[in-house]
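1. okay, structure incoming, though there's no sequence with it:
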């Protein structure tokens, strides 16, 4: 059985058609969003830039509207939100950061099946379209499927559950730009960087849509 996944243009058209029947609601507060959808004007104004930590850039702090956007994509299957997230990253990220080949931080296959969406790939693909950079999903997550959510900080700092390695048959790019939805302790990104360096990548940078304030 084949599975058809609508592209970003079709998703936008469907969203516009739905807005004629159902008022567009803000994904963060539930208020009428109007033309500002998927975030209302108040929630857009409430987005706060995240600090650069350990050389890793993120667009917003996770607290507030940015976290709601991430959860709607990650757990609600709102794939069209990836385009909004990518647009905000493309506008705000330092120009020197947006270079190389985009590599999504991998999602465990079990989580992808359970949620019905690979949110990391969706965000990375949307950013690749926005920036005209190449996209290479060359990393895979294997082993222990436990997500970072719910794990204690000490366990998170030790590294992600399971392992991250080069996907079979893939070639690591010479310069990689890792893209993730949320940064917490940075352990997952660090594991991805190690895997890329081991596979021959010379230079790795990383960014995310949001960063949690508690590390």
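-> Yep, that arrived. Note that the structure is a prediction, hence the values are computed from the model and not measured. Residues are numbered from 1 along each chain as shown.
2. can you pull the contacts of residue 117?
-> With Cβ atoms under 8 Å, 6 or more residues apart in numbering as the criterion, the residues that contact residue 117 are 73-74, 77, 79. Every residue, glycine included, has its C-beta placed from N, CA and C.
3. reformat these as a markdown table; add neighbour count and distance to residue 117.
-> Compiled in a markdown table, those are given as follows (neighbours: other Cβ atoms under 10 Å; distance: Cβ to Cβ, whole Å):
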| residue | neighbour count | distance to residue 117 |
| --- | --- | --- |
| 73 | 25 | 7 |
| 74 | 22 | 8 |
| 77 | 14 | 5 |
| 79 | 21 | 6 |
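4. need phi/psi at the residue nearest the centre of the chain.
-> By Cα atoms, centre = their mean, the mean C-alpha position of the chain lies nearest to residue 181, the distance being 2.8 Å. Residue 181 adopts backbone torsions of phi -80, psi -40, taken as degrees, to the nearest 10.
5. now that it has come up, it's in contact with residue 121, right?
-> No: Residue 181 is beyond contact range of residue 121, at 10.7 Å (criterion: Cβ atoms under 8 Å).
6. for this structure, which segments count as strands?
-> 57-61, 101-104, 134-135, 139-142, 163-166, 175-183, 203-211 (DSSP state E).
7. among those, which comes closest to residue 83?
-> Residue 83 lies closest to strand 203-211 among those, at 11.9 Å (Cβ to Cβ).
8. that closest one packs against which elements?
-> If you count contacts as 3 or more Cβ pairs under 8 Å, 6 or more residues apart in numbering; DSSP states H and E, strand 203-211 packs onto strand 57-61, helix 65-74, helix 81-92, strand 175-183, helix 187-198.
9. among these, which comes closest to residue 103?
-> Of all these, strand 175-183 sits nearest to residue 103, with 4.6 Å by Cβ to Cβ.
10. residue 201 - nearest residue in space that isn't next to it in sequence?
-> residue 172 (4.5 Å; Cβ to Cβ, 6 or more residues apart in numbering).
11. number of nearby residues for that neighbour?
-> 21 (other Cβ atoms under 10 Å).
12. surely it meets residue 202?
-> No: using Cβ under 8 Å, residue 172 is not in contact with residue 202, being 9.4 Å away.
13. what's the distance between the residue nearest to residue 201 and residue 186?
-> To residue 186, residue 172 is 20 Å away according to Cβ to Cβ, to the nearest Å.
14. of all the contacts of residue 117, which comes closest to residue 211?
-> Comparing these against residue 211 with Cβ to Cβ places residue 74 closest, at 15.2 Å.
15. any weak-confidence spans in this structure?
-> 1-23, 143-162, 214-215 (pLDDT under 70).
16. how does it look with 50?
-> Applying pLDDT under 50 to the chain picks out residues 1-2, 19-21, 151-153, 155-159.
17. distance between the ends of stretch 58-67?
-> Length of stretch 58-67, first residue to last, Cα to Cα, to the nearest Å: 12 Å.
18. related to what we said a few turns ago, take the contacts of residue 117 and write them to CSV, including distance to residue 89.
-> Supplementary listing: the contacts of residue 117 in CSV, determined by distance: Cβ to Cβ, whole Å:
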residue, distance to residue 89
73, 13
74, 16
77, 20
79, 16
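19. tell me the two of these that are most distant?
-> Taking Cβ to Cβ as the measure, these have their most distant pair in 74 and 79, spaced 10.4 Å apart.
20. hang on, the earlier thing: tell me which of the helices and strands packed on strand 203-211 sits nearest to residue 100.
-> Among these, the nearest to residue 100 by Cβ to Cβ is strand 175-183 (3.4 Å).
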